[in-house]
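[1] just a sequence and a predicted model for now, questions to come.
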Amino acid sequence: MDLHNKSVAAILNNLSDAFMIMDANGRVNYFNNVASKVTGYSSLEAKGMKCRDIMKSESCHTDCPFSKQNITQKTNYKRELVITHKKGTKVSIECTRNILIDSDGLLFGVVEIFKDISQIKNLEDNLKYSEFKYERLFENTKDMIFILSKEGRFLDINQAMVDLLDYRDKEELFLLSDVERIFIDPIHWHVCKKQIDLNGFIQDFEVGFKKKDGTRLHGCLSANVFLSDNGKIIGYEGIAKDITARMDSFRRLYKHHQELLLLNTVALTINSSQNLGDVLASALNETMKLLNFSMGAIFLINHDKAAFELQTQKGLPKEINIPPVNPLFCDTQLMEFFLDKDNRLTPKSIFPSFKIILNSSDQGRSIKLSCFLITEKERPSGFMAFPVEETNDLALEDFHLLGSLGNFVGGSIANIKLIWTVRKHREELKRLAAKLFRSQEIECKRISRELHDETGSALIGINFNLEAVEKIMPSDDPVMKNIISNIKVQVNHTYQEMRRISHLLHPALLTDLGLEPALDSYLTERAKQNHLKINFKMIGFTGRINPDIETVLYRFSQEALSNTIKYAKATFFNLSIIRGFPSIIFIAEDDGVGFDPDESNPERPSLGLLSMKERTAILGGKFFLRSKNGAGTRIRIEIPIKNGGRPMMMEHRNFLQEIYET
């Protein structure tokens, strides 16, 4: 072959592969452009160099012996080498060797055709690494991974799926006829498959997987489809997380929420009604709803009668719920302990449950109940009872809930009893205060009458006697006449003062003519004495009202006006008494200096206002006080009308509306 032929050289230089020709000694005779690019040596540099010096590969040292005895049929072959580029970088090549032998069978040269396969090798290495990572991810992940045919048969599964579903090995799962077999309800897979076929995937779909023993495993499934080249579905792949622990935590959280809701409902009942029956019924209903009890009852201990009294029940059979319902204790010593009023308990979060039996009146049916103690101030005060067979399945936190509820209900019972006691004492105080006020009025009326009848008559008699003495005295005794005249003035002054005191104690006009004339007379006199402008109105009264109410309204008016005169420094006082329905409305207001009702002021004692509040409370009314420094004072009192009071007349409604708005 003529290597100096330019046409041949051009062809060899345009080859896509590297081309190198060596002589029998392994020295390069020809190096094309691609070979220069792969090795980094130019054709001029490479010419005359040995192959091993250009390639710098261990394989070149062992695979390129140029000796006659090594020439065999296998001398021509393909191989892969890693050579060193002139710049020092490693290059993977695929090399094809062709041995040149002359007619005598002697080697006279070698042709090497090689190409750079570094990118291919990198891709192969990356592919192997990806396969390795995929294999590790597929097998070592703690989530279940599976690949299905379109018909739902398992094509591949990972070990996590075997472990989580408690199967012996993968073969057991492969033997299942359909993926539906691993779902608690086959409808779960049908719904998933429908969504995958429709959208191409599903994500975080909560399902119930069935373990080999039939128990439930909560899972969160994500899956997508395999498509053929023509876009048809040929299979499915999916991954499912075990969320059993999360679901258990959620259920516990939900349970705690329900428990708090139960306690809050009972607390709300206590705050809204303060009725023991309502509180116990609410506690029983909410507990049965939360714990899914079919029936229940609450008994309280009556220590005075040494008995257990049924307070509320739900779901008890009619033949058993016939008063009196007497629980039979399985532990008689415990029953005796509960009935002893002197026994005490060390407070605990929960006490052990105990059993009772309820029998029907004809002894034909009985129910066994588990009971949970209700404690009140270290004393047993009752118990909650529920069916034994239903309490056997309760979790530990349910027992703690019933213990907390027993303590909570016991505290509620104690608070309600305390409220009853306070209310009872308050009613007694009201009755005593009412008797006291009534006694005061009776005594004031008696003293007023005695002052008017006895003392007044005596003073009039003294005055008549002085006039008689004055007539028979000598006319020439001016000293005695002057003395008698002074005595008459003093007697007359004493009489007027006595009449004023008598009127203050109990005006005769109030008894004889009623509230309006008595107040009109009293207010007119006080206005003259104190130079105060007084406006007085009574609206809606067509006749006399209850004398006790008249007296109270008169006293309210006295107290309000007295406070205005003493402390308010006012120029105007307005008094309105309106008979509406269902209340009589008393309004007293002035334009004085006012005061702060929240601050105690020794210069302005509040006994009068306190008396007004007490009288209002006794009558079941409402007392309102509005005042502040520099803005006057306004007192509004509403007294309910009893015994069928009549509505206001139409002509008074506009005025009443104006009063309400101000």
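    Cool, got the structure.

[2] could you use CA atoms for every contact and neighbour count after this?
    Noted.

[3] quick one, longest helix in this protein?
    Secondary structure of the chain per DSSP state H: the longest helix is helix 396-450.

[4] is Asn275 in contact with Ile416, as I believe?
    Yes - applying Cα atoms under 8 Å, one finds Asn275 in contact with Ile416, separated by 7.2 Å.

[5] for whatever helix or strand comes next after the longest helix of the chain, list every residue counted as buried.
    Following helix 396-450 in sequence order, the next helix or strand is helix 456-472 (DSSP states H and E). For helix 456-472, a neighbour-count test (16 or more other Cα atoms under 10 Å) marks Gly456, Leu459, Ile462, Asn463, Leu466, Glu470 as buried.

[6] and the residues you listed, which is closest to Phe595?
    Gly456 (41.0 Å; Cα to Cα).

[7] and the pLDDT for that closest one?
    Per-residue pLDDT puts Gly456 at 65.

[8] quick one: low-confidence ranges for the stretch 551-662 of the chain?
    For the stretch 551-662 of the chain, the stretches with pLDDT under 70 are 600-606, 643-662.

[9] please repeat the previous calculation with a cut-off of 80.
    Low-confidence segments of the stretch 551-662 of the chain (pLDDT under 80): 598-608, 642-662.

[10] do a quick rundown of the helices in it.
    With DSSP state H, counting those that start in this stretch as the criterion, the stretch 551-662 of the chain has helices at 607-618, 653-661.

[11] ok, now the stretch 101-250 of the chain?
    118-140, 159-164, 170-174, 187-199, 244-273.

[12] tell me the domain ranges of this structure?
    Per automatic domain parsing, the structural domains of the chain span 6-123, 141-242, 279-506, 508-661.

[13] can you put those domains in CSV and add distance to Lys255?
    Shown next, in CSV, are the domains of the chain (distance: least, Cα to Cα, whole Å):
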stretch, distance to Lys255
domain 6-123, 56
domain 141-242, 18
domain 279-506, 8
domain 508-661, 45
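
[14] and Ser130, which of those is closest to it?
    domain 6-123 (10.1 Å).

[15] distance between that closest one and the chain's centre?
    Distance, stretch centre to chain centre, for domain 6-123: 82 Å (Cα atoms, centre = their mean, to the nearest Å).

[16] where does the stretch 151-300 of the chain have low pLDDT?
    Checking the stretch 151-300 of the chain against pLDDT under 80 turns up 255-256, 258-259, 262-263, 265-274.

[17] just to revisit the earlier point, deepest of the helices of the stretch 101-250 of the chain, which one?
    The highest average neighbour count among the helices of the stretch 101-250 of the chain, using mean count of other Cα atoms under 10 Å, belongs to helix 159-164 at a mean of 19.

[18] other SSEs contacting it?
    Applying 3 or more Cα pairs under 8 Å, 6 or more residues apart in numbering; DSSP states H and E, one finds that helix 159-164 contacts helix 118-140, strand 144-149, helix 170-174.

[19] tell me which of the ones you listed sits nearest to Leu519.
    So among the helices and strands packed on helix 159-164, strand 144-149 is nearest, using Cα to Cα, at 94.0 Å.

[20] what pairs with that closest one, parallel or antiparallel?
    The strands beside strand 144-149 in its sheet (DSSP bridges) come out as strand 154-157 (antiparallel), strand 233-242 (antiparallel).

[21] list the contacts of that strand.
    The contact list for strand 144-149 (Cα atoms under 8 Å, 6 or more residues apart in numbering) reads 138, 154-161, 164, 234-241.

[22] quick one: buried ones out of these?
    138, 154, 157-161, 164, 235-241.

[23] and these, which two are the farthest apart?
    The largest separation in the buried ones among the contacts of strand 144-149, counting by Cα to Cα, is between Leu164 and Gly235 at 23.1 Å.

[24] who's in contact with stretch 254-268?
    In contact with stretch 254-268 (Cα under 8 Å, 6+ apart) are residues Val279, Ser282, Ala283, Glu286, Thr287, Leu290, Leu401, Leu405, Phe408.

[25] can I get the strands paired with strand 144-149 in JSON lines including distance to Pro380?
    Output for these, formatted as JSON lines (distance: least, Cα to Cα, whole Å):
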{"stretch": "strand 154-157", "distance to Pro380": "61"}
{"stretch": "strand 233-242", "distance to Pro380": "47"}
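
[26] ok, which of those strands comes nearest Ile565?
    Smallest distance to Ile565 across the strands paired with strand 144-149 (Cα to Cα): 84.0 Å, for strand 233-242.

[27] just the CA coordinates of the closest one, formatted as PDB?
    Output of strand 233-242 as PDB, limited to C-alpha atoms (Å, rounded to 0.1, in the frame of the first residue of the first chain):
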ATOM      1  CA  ILE A 233     -52.500   1.800  30.100                       C
ATOM      2  CA  ILE A 234     -50.500  -1.400  30.600                       C
ATOM      3  CA  GLY A 235     -49.900  -1.300  34.400                       C
ATOM      4  CA  TYR A 236     -49.700   0.600  37.600                       C
ATOM      5  CA  GLU A 237     -47.000   1.500  40.100                       C
ATOM      6  CA  GLY A 238     -47.600   2.700  43.600                       C
ATOM      7  CA  ILE A 239     -46.100   3.600  46.900                       C
ATOM      8  CA  ALA A 240     -47.900   3.500  50.300                       C
ATOM      9  CA  LYS A 241     -46.800   4.900  53.600                       C
ATOM     10  CA  ASP A 242     -47.800   3.300  56.900                       C
END
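
[28] ends of stretch 23-34, how far apart?
    End-to-end span of stretch 23-34 (Cα to Cα, to the nearest Å): 20 Å.

[29] buried sites along it?
    In stretch 23-34, counting by 16+ other Cα under 10 Å, buried: Asp23, Ala24, Asn25, Gly26, Arg27, Val28, Asn29, Tyr30, Phe31, Asn32, Asn33, Val34.

[30] which one of the residues you listed is nearest to Gln333?
    Val34 (107.2 Å).

[31] which helix or which strand is home to that closest one?
    Going by DSSP H and E, Val34 is in helix 33-39.

[32] ok, then the element right after that helix?
    Heading C-terminal from helix 33-39 (DSSP H and E), you reach helix 43-46.

[33] ok, and what's touching that next one?
    For helix 43-46, the external contacting residues (Cα under 8 Å, 6+ apart) are Val28, Tyr30, Phe31, Asn32, Asn33, Ser36, Ile54.

[34] OK, contacts around the first one?
    For Val28, the contacting residues are Met20, Ile21, Met22, Ala46, Lys47, Gly48, Met49, Lys50, Cys51, taking Cα under 8 Å, 6+ apart as the criterion.

[35] in helices only, show me the residues you listed.
    Reading helices off the contacts of Val28 with DSSP H, I get Ala46, Cys51.

[36] give me the buried subset of the contacts of Val28.
    Buried residues within those, defined by neighbour count using 16+ other Cα under 10 Å: Met20, Ile21, Met22, Ala46, Lys47, Lys50, Cys51.

[37] ok, the fifth one - contacts?
    Remark: with contacts taken as Cα under 8 Å, 6+ apart, Lys47 is in contact with Arg27, Val28, Asn29, Tyr30, Phe31.

[38] try 10 Å this time
    Contacts of Lys47 were listed using Cα atoms under 10 Å, 6 or more residues apart in numbering, and they are Met20, Ile21, Met22, Arg27, Val28, Asn29, Tyr30, Phe31, Tyr41.

[39] just give me the neighbour total for Ser360.
    17 (other Cα atoms under 10 Å).

[40] next: Ala297.
    Residues within reach of Ala297, counting by other Cα under 10 Å, total 23.

[41] secondary structure element for it?
    Assigned by DSSP H and E, Ala297 belongs to strand 296-302.

[42] who wins for neighbours among the contacts of stretch 254-268?
    Leu405 (26 neighbours).

[43] where does the stretch 1-150 of the chain dip in pLDDT?
    For the stretch 1-150 of the chain, the ranges with pLDDT under 80 are 1-12, 56-77, 105, 125-140.
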